[in-house]
Every structure is written in C-alpha cells, then in structure tokens.
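Peer 1: Here is my input; please provide its structure:
(one chain, ligands or ions: 1)
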Amino acid sequence: MSDDDGMMLLNLDTTSSVDQTPGKVKVSGGRWKDRRKAKAMLNGKSVNSKDDRLVTSGSVKRPVSTEQGVEERKEQPARKQAKKVQIKATPADQQIVSSLFTSNRGIVTSINNNVHDENSGVGPSNAPLLQDSFEALGITSPLLQHLSEVMHITKPTRVQKMSIPTLLEADNDVFVHAQTGSGKTLAFLLPILSRILSMGARVDRQSGCFGMIITPTRELASQIHSVMLTLTKCCHYLIPCLLIGGERKKSEKARLRKGCNFIIGTPGRILDHLQNTQVIKEQLSSSLRYLVLDEGDKLMELGFEETITQIIKFLYEVPLNHFKYPELPKRIIHVLCSATLKGGVNKLGNLALQDYKLISSGRKQQEVNTVPDQLIQKIVMVPPKLRLVTLAAELNNITVRHLASETGETRRTIVFLSCSDSVEFHYAAFSSDSGHGRALVGDSVKVLSGNSTSLPCLADVSQPSVVCYKLHGSLSQQIRTATLKSFSSDSDATKGKHLIMFCTDVASRGLDLPCVSSVIEMDPPFAVEDHLHRIGRTARAGVSGESLLFLLPGEEEGYMDHIKPHHPQGWKLLKYDVDILKPAFMESKVQRSDGVSGKPISDEWDNNATTWHLNIERRVLGDPTFKEIAAKGYTSHIRAYATHLSQEKKFFSIKCLHLGHLAKSFALRERPKVMGGMNAKNSANGEQKKPKETSKSKMLRMAKKALDQSMSEFNY
Ligand SMILES: Nc1ncnc2c1ncn2[C@@H]1O[C@H](COP(=O)(O)OP(=O)(O)OP(=O)(O)O)[C@@H](O)[C@H]1O
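Peer 2: The predicted structure is shown next:
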C-alpha cells in the first residue's frame with residue numbers, strides 16, 4: 001500500500017499469542033513518518049478494535065463495544081480475538097482508517113445445502129411451447145398475423161395456452177397465476193382483443209371502453225399501454241388510454257373526451273377520473289366487459305384495497321347495455337394476475353372475483369411460486385465493510401465478461417437497493433467520478449468516460465463501455481419514463497455497452513425490460529414475493545439469466561433456508577473474496593485518485609481493492625455534496641432495514657447490524673449519527689435544541705418515513 005495523503009491503514013493483526021502478548025500491529029499507507037509515529041504510539045499498547053473503529057483527528061473515540069462485538073467473541077472462540085488499543089489522539093490532518101479486511105464477522109455457512117446442478121438438463125420453465133399455436137387457441141386471424149409478422153411471437157407460453165381459451169369462450173372470472181416472465185400480459189390482452197375483433201359490429205374509439213387494466217406502478221401501466229399500442233397496430237381504430245399519476249390530468253381528460261376503448265392506469269388516477277371526469281361514465285356505460293388487476297398482490301400490499309373497492313363500486317353503478325355487444329360477456333369479467341400467491345391476492349380475489357377459474361401454469365401447483373428454472377441464482381455473504389467494493393467488483397467482472405464476449409450486444413444489469421437515497425449514493429459512486437461522463441437523461445443516465453476509476457477494468461479504457469442509470473419513486477415521472485426508455489432501448493449512445501441501472505423496487509414488478517442479463521440484489525428484499533419479482537426481471541420467456549443476492553454474515557444467512565422452496569433448481573454459493581474481489585482486483589490498474597504516484601501497481605488484489613475503496617472515501621471527504629448523499633443513503637438504508645416484515649425480522653434485525661462497518665459501505669469514515677452529534681454541538685451555540693424524541697416515537701417516525709418512501713416508489 002503506497003504512502004497516502006495522511007490516511008493510514010491500521011491492519012490489526014489480532015492473532016492473540018498464547019501468552020496473550022499483544023499481536024503485532026501493522027500500519028500501512030499514509031506517509032512513512034506517520035507510520036513510524038503510529039507504530040511508536042502503538043508499541044507496547046494492547047490493541048482493542050472491537051469494531052476496529054477509525055479514529056478521527058483531534059479526538060480519540062473509544063471504540064464502543066457493540067452487541068455485535070460481544071457476539072463476535074461469543075460466536076468465534078477460535079477467531080483471532082481483538083486486542084485492546086489505546087490510541088492517543090492522532091496528529092491533526094491525519095486519520096487512521098479501519099482496514100477493509102480486518103475485524104469482519106465470520107461467515108457461518110460453510111456448505112451449500114441447495115446446490116445448483118449444472119447438469120440437471122432442466123429446460124426453461126417460462127418458454128413458449130413449440131408444439132402449440134395461437135391459431136389452435138382460437139385467436140382471430142388479423143391478430144395472428146400481427147403477432148407473427150410484427151411482434152415475432154408465434155408460439156404460446158404455458159399460461160397463454162391455459163388462459164386464452166378460457167377468456168375467449170367462458171364468461172367467468174379468472175385468476176392468472178404464473179411465474180415471472182411467462183407472458184401473463186398477453187395471456188389476458190390477446191383473448192380480450194381477439195374477442196372484440198371477432199364481433200360482427202364495426203367498432204371504433206366512440207364505441208366505448210371495453211376493458212380497464214389496473215396496475216400498482218406507473219411504469220407497469222406504461223409498459224402494458226405500449227404493448228396494447230403495438231397490438232392495436234393491426235386494428236388502429238381501437239384506442240388505449242393511459243391514466244397515471246405524474247402525467248397531466250388535463251391531457252388525459254382530453255384523450256378521454258375523444259373516446260378510448262381500453263383504460264390502463266394506476267388506481268388513484270383512475271378513481272380520480274371516475275369521480276371527476278364526467279365523460280368516462282359514458283365511455284364505460286354500455287361497453288365495459290373486462291376489469292384486469294395486474295400484480296394483484298402488490299396492489300393490496302400497497303394499500304390500494306380501498307381505492308380498488310371504490311373503483312369496482314363505481315363500475316357497478318354504471319348500467320351495462322347487454323344488448324349492444326351480444327358477442328361479449330353479459331357482465332364485467334374480472335381478471336386477477338400475479339406471479340406470487342400472497343394473502344393480499346386471496347383477499348383481492350374475494351373482493352374482485354366471483355366463482356373464478358384459477359389458471360395456474362406451474363407443472364405442479366406449488367411450483368408456480370418459484371423462479372424460472374433456467375435462472376442461475378447465486379448467493380454471497382459479504383461483511384458490511386466490503387459491500388461497496390464487492391458490488392464494484394461484481395459489476396467489473398460482468399463488464400469484463402461482456403467486453404470479452406465481443407457479441408456487440410447490449411448487456412443490462414439491474415442493481416436493486418432498498419431506498420431512493422441509497423440509489424442516489426450508489427449511482428453517484430459509480431457514475432459521477434468520471435466527471436466528463438455524458439448525461440443522457442437529466443442527471444439520471446451517465447455514459448462513463450474513459451479512464452474512469454469507477455470500475456477497475458475502466459482504468460485505462462479510452463472508449464467508455466458502461467452507462468449508469470438511476471430509477472426510483474422520488475424522481476419526476478418524466479425522468480422515470482425517459483430513464484426506463486433509455487435503459488430498455490438500444491441507441492447509438494448505449495448499443496453494445498454494459499447498462500447498469502441502480503433502482504428501488506419500483507422496477508421490480510412486471511416490468512418487461514428486454515434482455516436483462518443480470519440482477520443484483522444489493523439490499524435484501526422486503527418480502528419473498530419481492531425477491532421473486534426482482535429476479536424475475538431476468539430469465540424471461542425462456543431466455544437465460546443470472547441473479548446475485550448479497551447477504552450479511554450472521555443472522556441474514558438464515559434467509560437462505562427461508563427462500564429455498566422458491567429455488568427448486570438450487571443456487572451457487574460464492575465467496576466474496578475468492579470469487580468476486582480477487583478476479584476483479586488481481587492485476588487491476590487501480591490508481592489513487594489524488595494522482596499522487598504510489599508504489600507500482602500491486603498485484604495483491606486486497607491492496608488494489610483497498611485503494612479503490614480509499615478513492616471513494618477520498619471523494620466523500622473532498623466533496624460535501626457527495627458526503628451528504630452518502631450520509632443520506634446510509635441513514636435511509638438503516639431506516640429501510642427497520643421495515644422488514646416482522647416474520648423476517650429474525651434474519652433482518654436492525655439490532656444485529658454493525659452500524660460502524662455499514663457506514664464504510666457508504667464510504668463514510670464516521671457514522672452520520674456522530675455527524676449528527678456534531679450538529680447537536682452546534683445547537684449548543686444558542687440554536688434551539690429539539691426536545692429529546694422518545695425511542696417509540698422515533699421508531700414510529702422512521703417506519704412512517706420508510707413506508708412513505710416505499711409508497712412513493714409505487715406512487716400512482
Ligand atoms: N408467446 C410468447 N412467445 C415469445 N415471447 C413472449 C410470449 N409471450 C410473451 N412474450 C414475451 O415475454 C416477455 C415477458 O412477458 P410478460 O411481461 O407478459 O411476462 P409476465 O408473466 O407478465 O412477467 P411478470 O410476472 O414479471 O410481470 C415479454 O417480453 C413478452 O414480449
């Protein structure tokens with residue numbers, strides 16, 4: 001490790017010798033004089049680094065023993081026990097930074113009890129069925145031709161094979177329950193459209209609204225609307241209308257006044273129009289025959305039950321004219337779609353479905369709540385301090401593999417994070433250091449410039465090969481739409497590159513993003529259903545895909561048994577150091593970002609990983625804006641962590657989080673709580689101090705803030 005700008009690495013060799021003499025302390029980095037001084041300070045002193053807390057200049061913070069620290073000693077009797085160090089106040093302008101690779105909690109899982117069998121020969125479980133045809137299912141010819149020639153879709157998937165005949169002939173409600181990426185959207189759109197096109201009577205936008213499709217997110221509503229626009233190119237006289245929050249209500253009213261045959265939207269905005277846009281009543285009165293609730297469990301989970309109840313109530317106040325379209329069902333057919341069966345869906349089923357037919361496309365009932373068979377699932381336990389650098393290494397490795405493939409194809413990776421602020425931090429960490437990167441959509445898309453220090457493989461690449469995106473519910477709708485469009489479609493600026501989207505769960509539901517090759521769950525999902533939907537963004541319609549789940553050592557390791565039933569094909573258990581960090585940082589060209597010429601590039605991957613991490617920490621120290629983003633990301637991440645489902649708290653308990661180490665994964669040298677403390681000191685200078693908040697009210701406030709944030713992800 002070369003000398004550094006005053007930052008020294010305290011590599012605590014905490015091996016306790018038999019006679020309990022303190023272990024040798026190795027200090028690396030920083031200026032040699034400082035290293036010598038630090039060693040002088042430490043010689044003969046016992047070293048205690050329960051959490052190996054860094055020590056800022058001017059004040060020696062005694063490492064606070066954490067439950068974690070106590071647990072560590074309990075759990076790891078054989079582990080090298082930390083020794084006690086009394087570090088005197090370091091000289092000003094210096095910082096002793098805890099090393100990435102010491103004092104990390106041990107990983108309990110030593111064997112993989114759900115091994116992925118590469119030779120299982122299991123084919124894709126959501127692929128089109130080659131021996132079947134849409135014609136045999138009864139789809140009308142204009143649509144058949146359009147599917148084949150324009151959409152290049154010729155063979156139905158299993159769920160389509162089961163749903164289409166039912167919705168074409170029968171007139172009972174339907175619950176469509178199928179794996180992610182199995183084609184549920186076309187499973188309900190095709191029969192509805194085919195039945196309308198088969199009617200004798202000629203119809204157009206004045207004929208009224210035949211179907212209403214409700215989704216939990218604006219992005220999903222927009223996506224289904226665009227599928228509908230593609231389908232209705234073979235019958236341009238049929239018009240779909242999109243009603244979502246964030247768009248101007250006035251233009252929606254204007255489109256409704258012109259007339260439309262399908263309404264696709266989010267619950268709040270649809271109800272708003274039902275209550276305040278008179279013309280919609282006429283649109284629905286004589287013609288509405290289909291009500292589709294897509295991602296039904298999410299609609300319920302997000303508290304849309306009351307809104308949907310009001311929508312259904314309104315629809316039933318509108319008298320249907322059964323004689324106007326005798327070939328259509330005599331009542332409103334309700335269709336409920338979801339890839340996961342959850343309490344909320346059954347509740348919604350009771351609310352919206354009557355004597356419905358369950359269409360479940362799994363080979364066996366219980367299989368449907370499983371990930372697609374062809375998806376390669378990987379799991380890695382990563383100590384909190386190493387989360388950021390391990391994510392960088394994984395993104396680096398995917399980029400290197402993509403560039404080496406020389407297919408010219410565009411590679412897409414989605415990184416799921418728990419909250420908007422964490423998305424902002426990770427996007428800034430990987431996109432803004434290049435400075436010269438080209439922004440494509442506001443500041444939500446950045447083409448990395450050459451010689452970027454974001455990823456080791458970009459260090460000496462003149463041509464940028466990585467484009468970063470951010471997507472979350474706090475962005476404006478226009479930015480969200482444009483970002484998703486840029487990520488989903490090839491353009492001159494993105495074709496052939498590795499597109500990396502940092503996002504929250506706003507992008508986890510139903511979005512059909514073409515050719516997403518990898519999904520990384522950097523933060524664990526808030527529920528198993530969200531896990532299935534997140535990784536369901538890849539391995540769609542029979543295409544291959546891979547997914548990586550990050551877990552913390554300790555309690556989170558138990559989550560693997562919790563999700564095991566949903567992974568019948570098993571998973572690969574990776575080692576963060578050997579399988580991810582070492583390939584990325586071995587012989588990498590990571591240089592210090594402050595330009596100070598250090599030792600020749602090290603071929604020790606851990607030193608290179610440390611250099612990479614110090615570069616990010618240096619940017620946080622040098623850029624107040626980035627520091628604020630990091631601090632917000634960290635505190636929001638902690639808040640979001642507190643909102644895991646109660647039945648999953650045994651895996652995701654905030655009490656087990658190592659907050660000091662976690663701060664490092666946001667490139668912070670101190671926990672913002674300490675920074676907050678400094679604000680408290682400021683208030684001692686005459687500013688009015690806020691009354692102390694009780695722990696109960698604080699937890700309620702944090703949970704409400706996190707819920708508001710998650711609601712904003714699915715804002716309608
Ligand atoms: N019969 C088919 N043949 C080939 N591709 C298809 C077929 N049906 C759908 N697809 C494609 O498969 C992808 C996934 O379809 P869709 O989004 O409807 O899946 P889904 O089951 O709704 O997934 P999710 O549960 O994630 O919402 C889309 O790109 C769609 O165009």
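
Peer 1: This structure against the ligand: which residues are in contact?
Peer 2: 128, 153, 155-157, 160, 178, 180-186, 339, 510, 512, 536, 540-541 (CB under 6 Å from any ligand atom). From N, CA and C alone the C-beta is placed, and that goes for glycine too.

Peer 1: Show me which helix or strand of the protein is least confident by mean pLDDT.
Peer 2: helix 67-75 (a mean of 34; mean pLDDT, DSSP states H and E).

Peer 1: all helices for the stretch 201-350 of the chain, in order.
Peer 2: Along the stretch 201-350 of the chain, counting by DSSP state H, counting those that start in this stretch, helices occupy 218-231, 249-258, 267-276, 279-285, 296-301, 305-317, 343-352.

Peer 1: Apologies, that question was intended for the stretch 501-650 of the chain.
Peer 2: Here the stretch 501-650 of the chain has its helices, by DSSP H, counting those that start in this stretch, at 528-535, 559-563, 582-585, 605-622, 624-641.

Peer 1: Dump those to a markdown table, plus mean pLDDT and mean neighbour count.
Peer 2: Shown next, in a markdown table, are the helices of the stretch 501-650 of the chain (pLDDT from 0 to 100; neighbours: other CB atoms under 10 Å):
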| stretch | mean pLDDT | mean neighbour count |
| --- | --- | --- |
| helix 528-535 | 90 | 24 |
| helix 559-563 | 94 | 17 |
| helix 582-585 | 93 | 22 |
| helix 605-622 | 91 | 21 |
| helix 624-641 | 95 | 20 |
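
Peer 1: Could you state which residue of the chain sits nearest its centroid?
Peer 2: Taking CA atoms, centre = their mean as the criterion, F416 is the residue nearest the geometric centre of the chain, at 1.9 Å.

Peer 1: Assess the claim that T109 and L573 are in contact.
Peer 2: Yes. Contact status for T109 versus L573: in contact at 7.0 Å, counting by CB atoms under 8 Å.

Peer 1: Of these two, give the one with the bigger neighbour count.
Peer 2: Neighbours of T109 and L573, each counted by other CB atoms under 10 Å, are more numerous for L573; the result is 20 against 14.

Peer 1: where does the stretch 1-150 of the chain dip in pLDDT?
Peer 2: The model of the stretch 1-150 of the chain has pLDDT under 70 over residues 1-98.

Peer 1: can you tell me the residue of the stretch 301-450 of the chain closest to the ligand?
Peer 2: Among the residues of the stretch 301-450 of the chain, A339 lies closest to the ligand, at 3.9 Å counting by CB to the nearest ligand atom.

Peer 1: That residue: how many residues sit nearby?
Peer 2: Neighbourhood size, A339 [other CB under 10 Å]: 28.

Peer 1: Sketch out the low-pLDDT regions of the chain for me.
Peer 2: Applying pLDDT under 70 to the chain flags residues 1-98, 341-349, 362-368, 433-441, 588-603, 673-691, 693, 696, 699-700, 702-716.

Peer 1: and it, what are its domains?
Peer 2: Split into domains by automatic domain parsing, the chain comes to 3-75, 134-360, 375-607.

Peer 1: Put together TSV for those, with distance to I654 on each row.
Peer 2: Below are the domains of the chain laid out as TSV (distance: least, CB to CB, whole Å):
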stretch	distance to I654
domain 3-75	11
domain 134-360	21
domain 375-607	11
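
Peer 1: Tell me which of the ones you listed approaches V122 most closely.
Peer 2: V122 sits nearest to domain 375-607 of all those, at 6.1 Å, using CB to CB.

Peer 1: how long is the closest one end to end?
Peer 2: 34 Å (CA to CA, to the nearest Å).

Peer 1: V516 and T413 touch, don't they?
Peer 2: Yes. Contact status for V516 versus T413: in contact at 7.4 Å, counting by CB under 8 Å.

Peer 1: thinking again about what came up before, indicate which one of the helices of the stretch 501-650 of the chain is closest to C235.
Peer 2: helix 528-535 (31.6 Å).

Peer 1: Tell me which other helices or strands that closest one touches.
Peer 2: Other helices and strands packing on helix 528-535, by 3 or more CB pairs under 8 Å, 6 or more residues apart in numbering; DSSP states H and E, are strand 516-521, strand 545-551, helix 559-563.

Peer 1: what's the angle from it to strand 516-521?
Peer 2: 150 degrees (axes from the mean of the first three to the mean of the last three CA atoms, to 10 degrees).

Peer 1: Identify the residues contacting H426.
Peer 2: 388, 391, 415, 417, 502, 522, 633 (CB atoms under 8 Å, 6 or more residues apart in numbering).

Peer 1: helix or strand for the first one, which one?
Peer 2: So that's L388. helix 387-405 (DSSP states H and E).

Peer 1: Quick check: what element follows that helix along the chain?
Peer 2: Next element after helix 387-405 (DSSP H and E): strand 411-416.

Peer 1: Could you list every helix and strand in contact with that following strand?
Peer 2: If you count contacts as 3+ CB pairs under 8 Å, 6+ apart, strand 411-416 packs onto helix 387-405, strand 498-503, strand 516-521.

Peer 1: And the second one, how far out from the chain middle?
Peer 2: In this view, strand 498-503 has its centroid 10 Å away from the chain centroid, taken as CA atoms, centre = their mean, to the nearest Å.

Peer 1: ok, how many other residues are close to the nearest residue in space to S665 that is not next to it in sequence?
Peer 2: Distance criterion CB to CB, 6 or more residues apart in numbering; nearest residue to S665, sequence neighbours excluded, is R387 at 3.8 Å. Residues near R387, counting by other CB under 10 Å, number 20.

Peer 1: Hmm, R387 is touching P524, no?
Peer 2: No. Counting by CB under 8 Å, R387 does not reach P524; the two are 11.7 Å apart.

Peer 1: how close does K627 get to A663?
Peer 2: Computed as CB to CB, to the nearest Å, the K627 to A663 distance reads 12 Å.

Peer 1: hmm, back to that, and the contacts of H426, which are buried?
Peer 2: In the contacts of H426, burial by neighbour count holds for 388, 391, 415, 417, 502, 522, 633, counting by 16 or more other CB atoms under 10 Å.

Peer 1: To K470, which of the helices of the stretch 501-650 of the chain lies closest?
Peer 2: The closest of the helices of the stretch 501-650 of the chain to K470 is helix 624-641. By CB to CB, the value is 11.3 Å.

Peer 1: helices and strands around the closest one, which ones?
Peer 2: If you count contacts as 3+ CB pairs under 8 Å, 6+ apart, helix 624-641 packs onto helix 420-431, helix 605-622, helix 659-664, helix 672-684, helix 695-713.

Peer 1: Now the residue in the stretch 1-150 of the chain that the ligand sits nearest to. Nearest residue, chain neighbours left out?
Peer 2: The minimum distance from the stretch 1-150 of the chain to the ligand, using CB to the nearest ligand atom, falls at P128 (3.9 Å). In this structure, P128 finds its nearest non-sequential neighbour in K155, 3.8 Å apart by CB to CB, 6+ apart.
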